[in-house]
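A.B. asks: dropping the sequence and predicted coords here.
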Amino acid sequence: MESIYEKIATLEISDQKGALCTIVRCSGSTPRKMGTKMLVYADGSIFGSIGGGALEKKVIEDALSVIKSDIANSYDHTLVQDLGMCCGGALMIFIEPVMNRKSLYIFGAGHIGKALAHIAGDVDFAVTLIDERSSELSQYGNNGVSVIYKKHTRAFKELEFNQNTFIAVITHDHAYDRDIVSYCANQPHAYLGMIGSIRKVEIAKKAFKAGKKLSAKQMKNIDWPMGINIEVNTPEEIAISILAKMIDVRSKARA
């Protein structure tokens, strides 16, 4: 049976919302003791229990409010006076929203792709690096980064796209870049960017328009050339500009 921590980890990388409820103080007779946890999902379903009955019903209601507001809060309960329960004790329950961790798919393990993978995990992105060239990934051992040794068309089948998905397209082949952008723009995502010069971007836009692969709205939502507009030279500096743009998009989505 999965533990509540495994459930939380699964929730963090999904596009579902939830809240963790923890008994942080109790006195007298209570159905469960301090440290007991319960996970409440946005649909009202639960994993675990903080005691059942009227208390649990009220905690679920409070958790749903926390999920909606995205703000943690503490709630005091006196079981006899407030809830009509015969236990007779009192407790405090701390309820915090479970923050969805953003997935970052980096297509291309060249200098910039590896530099981006190296730093993105430090700001809490769940990073997957994708490249068909084993020579670029065979010695890549950055802890916490998942690696897919496949061509992008095969890798698509292993990737889950949702509203928490960030995508950086940085391959060694312009045709690959266009294929990936065309596919990913039609999948749920929070951010999609493609690296390249202004000329490369214009060529891609003309190709998409001529082939009617993407709408004007879809193309407008793509970050290309990718990253914030600052003077950069090295792969590491370019990676920082890309990550800064992603952080900005992530922060505005949470606001």
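C.D. replies: Alright, I've got the coordinates. Numbers count the residues shown, from 1 in each chain.

A.B. asks: can I get stretch 26-46 in PDB, CA atoms only?
C.D. replies: Backbone C-alpha positions of stretch 26-46 (Å, rounded to 0.1, in the frame of the first residue of the first chain) are rendered in PDB as follows:
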ATOM      1  CA  CYS A  26      -4.200  18.000  20.700                       C
ATOM      2  CA  SER A  27      -5.400  17.700  24.300                       C
ATOM      3  CA  GLY A  28      -7.900  15.500  26.100                       C
ATOM      4  CA  SER A  29      -9.600  12.600  24.400                       C
ATOM      5  CA  THR A  30      -9.300  12.800  20.600                       C
ATOM      6  CA  PRO A  31      -9.800  10.200  17.900                       C
ATOM      7  CA  ARG A  32      -6.300  10.500  16.500                       C
ATOM      8  CA  LYS A  33      -3.100  12.000  18.000                       C
ATOM      9  CA  MET A  34      -0.600  14.700  17.000                       C
ATOM     10  CA  GLY A  35       1.200  14.100  13.700                       C
ATOM     11  CA  THR A  36      -1.600  12.300  12.100                       C
ATOM     12  CA  LYS A  37      -2.000  13.300   8.400                       C
ATOM     13  CA  MET A  38      -4.700  13.200   5.800                       C
ATOM     14  CA  LEU A  39      -4.500  14.200   2.100                       C
ATOM     15  CA  VAL A  40      -7.600  15.800   0.600                       C
ATOM     16  CA  TYR A  41      -8.000  16.100  -3.100                       C
ATOM     17  CA  ALA A  42      -9.900  18.900  -5.000                       C
ATOM     18  CA  ASP A  43     -12.800  16.600  -5.700                       C
ATOM     19  CA  GLY A  44     -13.300  16.000  -1.900                       C
ATOM     20  CA  SER A  45     -11.800  12.500  -1.900                       C
ATOM     21  CA  ILE A  46      -9.200  11.600   0.800                       C
END
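
A.B. asks: so which bits of that stretch are buried?
C.D. replies: Buried residues in stretch 26-46, defined by neighbour count with 16 or more other C-beta atoms under 10 Å: 26, 30-32, 36-41, 46. Where C-beta positions appear, they are placed from N, C-alpha and C, glycine not excepted.

A.B. asks: check stretch 204-212 too.
C.D. replies: 204, 208.

A.B. asks: contacts only, for F47.
C.D. replies: Remark: with contacts taken as C-beta atoms under 8 Å, 6 or more residues apart in numbering, F47 is in contact with 4, 7, 38-39, 41.

A.B. asks: which members of those residues are the farthest-apart pair?
C.D. replies: Using C-beta to C-beta, those span at most 12.4 Å, a distance reached by I4 and Y41.

A.B. asks: the closest residue to A185 other than its chain neighbours and H174, how far apart?
C.D. replies: Distances taken as C-beta to C-beta, 6 or more residues apart in numbering place Q218 nearest to A185, at 4.7 Å, with adjacent residues excluded. Q218 sits 19 Å away from H174, going by C-beta to C-beta, to the nearest Å.

A.B. asks: what's stretch 49-61 in contact with?
C.D. replies: Contacts for stretch 49-61 (C-beta under 8 Å, 6+ apart): 21, 23, 30-32, 36-38, 40, 44, 46, 75, 77, 79, 82-85, 93, 95.

A.B. asks: got the phi and psi for the residue positioned nearest the centre of the chain?
C.D. replies: Nearest residue to the geometric centre of the chain (C-alpha atoms, centre = their mean): K102, 1.9 Å. Main-chain torsions, K102, degrees, to the nearest 10: phi -80, psi 130.

A.B. asks: so what pairs up with it in the strands?
C.D. replies: Under DSSP bridges, the beta-bridge partners of K102 are F125.

A.B. asks: so for it, what's the pLDDT?
C.D. replies: Note on K102: pLDDT of 90.
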